[in-house]
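J.: sequence first, then the predicted structure:
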Amino acid sequence: MSLKAFHVFFVIVSVLFTSLLGVWLLRSNGPVSFAVGSLASSFLLLFYGISFLRKVRSIIT
């Protein structure tokens, strides 16, 4: 597995975990600030992953 592929895999797993954590905190009446922070982190990671894929594809082609 190349370093780029591992990076993409790690970002996807991180997005899933932070999203699930945020939803779990909201449903279990956990601290709302942690839930919002987790969901915001998930959104930022998703944005980062998309921009990384665009950058990698422009370098390859």
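T.: That came through fine.
J.: point out where the chain drops to low pLDDT.
T.: Within the chain, the segments meeting pLDDT under 70 span 61.
J.: mind doing that once more with 90?
T.: For the chain, residues meeting the criterion pLDDT under 90 lie at 1-2, 57-61.
J.: which one's the longest helix in it?
T.: When the chain is parsed with DSSP state H, its longest helix is helix 32-60.
J.: ok, the residue nearest to I12 when sequence neighbours are not counted to F17 distance?
T.: Of all residues not flanking I12 in the chain, G49 sits nearest, at 6.8 Å (Cβ to Cβ, 6 or more residues apart in numbering). C-beta here means a position set from N, CA and C on the backbone, and glycine is covered the same way. Distance, G49 to F17, by Cβ to Cβ, to the nearest Å: 13 Å.
J.: neighbour count: those two, which is higher?
T.: G49 (17 against 14; other Cβ atoms under 10 Å).
J.: isn't the more buried one right next to V11, touching?
T.: Yes: contact criterion Cβ atoms under 8 Å: G49 and V11 qualify, at 4.1 Å.
J.: who's in contact with S41?
T.: T18 (Cβ atoms under 8 Å, 6 or more residues apart in numbering).
J.: ok, now L25?
T.: Going by Cβ under 8 Å, 6+ apart, L25 touches P31, V32, F34, A35, S38.
J.: again, only using 10 Å
T.: Contacts for L25 (Cβ atoms under 10 Å, 6 or more residues apart in numbering) come out as P31, V32, S33, F34, A35, V36, G37, S38, L39.
J.: and the residues you listed, which of them are buried?
T.: Among those, those classed as buried by 16 or more other Cβ atoms under 10 Å are A35, S38, L39.
J.: how much space between the last one and S19?
T.: Computed with Cβ to Cβ, the distance linking L39 and S19 is 7 Å.
J.: sorry, back to before: any chance of the buried ones among the contacts of L25 in a markdown table, plus distance to W24?
T.: Formatted as a markdown table, these follow (distance: Cβ to Cβ, whole Å):
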| residue | distance to W24 |
| --- | --- |
| A35 | 8 |
| S38 | 9 |
| L39 | 11 |
